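>>> When you get a sec, could you give me coordinates for this:
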Amino acid sequence: MVSDDHLSALPAIAVVDARDGGPLTHARLRVTQAEAVRDACLGWLPAGQSLACIGDPLVRWWLRRSGSAYVDDIDAIAQAVPGRGIWFLHGAYLFGCTTLADDSRAGPRLRRTLDWPFPGLGHLVDVARQAGPAGDYLSVTWPGFAGVLTAMAPGRFAAAINQAPMRRLTRRPWLRWLDYAINSLRALMRGGREPPEHLLRRVFETCATFDEAQQLLRSAPVARPVLFTLTGVNPGEQVIIEREETTARILRGAAVVANAWRDERPGWESRVCGTGAPVENNRKRRAAFRVWLGRDGDPFCWAQSPITNVFTRLTVEMCAASGAMRVAGWEAGARGASQVTQTLILDNGRAADGTGQRAVA
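Residues are numbered from 1 along each chain as shown. Okay, the predicted model is just below:
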């Protein structure tokens with residue numbers, strides 16, 4: 001357990017007011033950090049700058065065909081942040097995560113990790129206050145990113161995205177790269193299907209209730225398979241939505257989701273967070289998180305191996321009924337994952353005694 005004195009010495013997470021202008025305002029207010037996010041991601045990839053030169057126009061073409069309402073936002077962000085790669089990274093997809101949805105004394109609760117291999121993202125996480133016709137919401141995000149991966153609308157709902165399993169057309173491990181390429185090409189060549197992270201942003205901006213959000217998440221075509229976790233404000237309002245591009249399976253009630261379908265299916269391979277074989281890795285993460293169903297405790301008392309791992313960059317706890325949110329950034333440490341920011345504590349959507357927060361207006 002990390003001491004309180006150690007945590008208080010860590011940098012605080014910025015809370016950015018982007019209600020007027022959304023992610024573009026966020027990027028303009030935090031342009032240096034947006035460049036750092038872009039460079040952290042490209043720097044991890046082999047020949048990242050060269051890939052960005054090829055990928056920027058390709059992803060721009062795809063997103064314009066996808067029907068996303070946020071293409072103009074990405075275009076403006078790419079102009080606001082110097083250098084290549086903003087478009088290219090909007091075509092990437094999150095690596096892995098583990099999420100738990102259950103009931104607490106305050107109401108339905110969502111707890112999650114986000115696991116990406118890019119070093120540095122844990123230091124750069126922000127919380128952006130954003131707005132839409134249905135009301136305000138808090139997005140746990142990075143400057144320069146136009147979608148929503150983890151967010152809470154106090155009094156309405158909270159939601160998060162997990163990456164779904166990968167379609168396997170080949171059986172040999174050494175041909176996995178071919179399946180990655182084929183799946184990417186399939187997504188690129190099909191128009192009229194928005195990225196899941198853009199759909200989730202649309203849900204937060206336009207849906208007034210848990211039921212409206214659930215209906216849109218289960219029905220709108222998406223560019224890639226995805227796992228949505230959605231919690232509301234009334235007891236029992238928890239749902240996992242397993243999505244393929246045009247179909248959905250609804251799993252109701254308290255549950256843990258990793259990067260696998262609840263029921264294993266032939267032709268699909270679970271995603272790995274950390275190390276180990278895909279199926280066993282997912283089973284271990286789900287089993288470890290399942291122990292925490294219905295249990296309370298200090299913020300992130302559950303954040304331990306194998307729920308966290310060397311790729312963990314973010315932990316979040318959210319309860320839309322009370323407006324409580326806890327956020328922390330993580331990076332790889334000597335013994336797995338280490339917390340690298342203070343724990344941001346928001347109550348009723350507002351900072352509790354300024355804990356862990358730097359305001360950016």
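>>> going forward, measure contacts and count neighbours with C-alpha atoms only.
Fine.
>>> Could you give the bridge partners of R112?
T99, V316 (DSSP bridges).
>>> I'd like to know how many residues surround it.
30 (other Cα atoms under 10 Å).
>>> Would you agree it is in contact with T99?
Yes - R112 is within contact range of T99, at 4.2 Å (criterion: Cα atoms under 8 Å).
>>> list residues touching both of these two?
Common contact partners of R112 and T99 (Cα atoms under 8 Å, 6 or more residues apart in numbering): A160.
>>> what is the mean pLDDT for the longest helix anywhere in the chain?
Ordering each helix of the chain by length in residues (DSSP state H) puts helix 48-66 first. For helix 48-66, mean pLDDT is 91.
>>> Over to stretch 172-190?
Stretch 172-190 shows a mean pLDDT of 76.
>>> gap between that stretch and the chain center?
In terms of Cα atoms, centre = their mean, to the nearest Å, the centre of stretch 172-190 is set 22 Å apart from its chain centre.
>>> buried set for that stretch?
By neighbour count on 16 or more other Cα atoms under 10 Å, the buried set for stretch 172-190 is R176, D179, A187, L188.
>>> any idea which element the third one lies in?
If I follow you right, that is A187. Using DSSP states H and E, A187 maps to helix 176-189.
>>> What angle do helix 48-66 and that helix make with each other?
Counting by axes from the mean of the first three to the mean of the last three Cα atoms, to 10 degrees, helix 176-189 points 40 degrees away from the direction of helix 48-66.
>>> Beyond helix 176-189, next helix or strand please.
Note on helix 176-189: by DSSP H and E, the next helix or strand toward the C-terminus is helix 196-206.
>>> tell me the angle of the helix or strand following that next one relative to helix 196-206?
Later in the chain than helix 196-206, the nearest helix or strand by DSSP H and E is helix 210-219. Angle, helix 210-219 to helix 196-206, by the same axes, to 10 degrees: 150 degrees.
>>> Mind pulling the model confidence for the residue nearest to G236 when sequence neighbours are not counted?
Nearest non-adjacent residue to G236, counting by Cα to Cα, 6 or more residues apart in numbering: G253, 6.0 Å away. Note on G253: pLDDT of 95.
>>> returning to that earlier point: how about the longest helix of the chain: buried residues?
G48, Q49, A52, G55, D56, V59, R60, W62, L63, R64, R65, S66.
>>> go on, stretch 302-314?
If you call a residue buried by 16+ other Cα under 10 Å, then stretch 302-314 has these buried ones: W302, A303, S305, P306, I307, T308, N309, V310, F311, T312, R313, L314.
>>> Would you mind putting the CA coordinates of it into CSV?
C-alpha atoms of stretch 302-314 as CSV (Å, rounded to 0.1, in the frame of the first residue of the first chain):
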residue,chain,number,x,y,z
TRP,A,302,-8.7,-3.2,-5.5
ALA,A,303,-5.9,-1.9,-7.8
GLN,A,304,-3.5,-4.8,-7.5
SER,A,305,-2.1,-7.5,-9.7
PRO,A,306,-3.4,-9.1,-11.9
ILE,A,307,-6.1,-6.3,-12.2
THR,A,308,-3.3,-3.9,-12.7
ASN,A,309,-0.2,-4.7,-14.7
VAL,A,310,2.8,-3.1,-16.5
PHE,A,311,0.4,-1.6,-19.1
THR,A,312,-2.0,0.0,-16.6
ARG,A,313,-2.2,3.8,-17.3
LEU,A,314,-5.4,4.7,-15.5
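>>> my read: M166 touches W268, true?
Yes - with contact defined as Cα under 8 Å, M166 counts as touching W268 (5.4 Å).
>>> between the two, who's got more neighbours?
Using other Cα under 10 Å as the criterion, M166 and W268 rank with M166 on top: 20 against 15.
>>> Can you tell me how far that one is from R65?
Using Cα to Cα, to the nearest Å, M166 is found at 23 Å from R65.
>>> Likewise for D20?
Using Cα to Cα, we find D20 at a distance of 27 Å from R65.
>>> can you pull the contacts of R271?
Contact partners of R271, counting by Cα under 8 Å, 6+ apart, are F95, G96, Q163, A164, P165, M166, N259, A260, P278, N282.
>>> wait, A160
Residues near A160 by Cα under 8 Å, 6+ apart: T99, R112, L149, T150, A151, F228, T229, L230.
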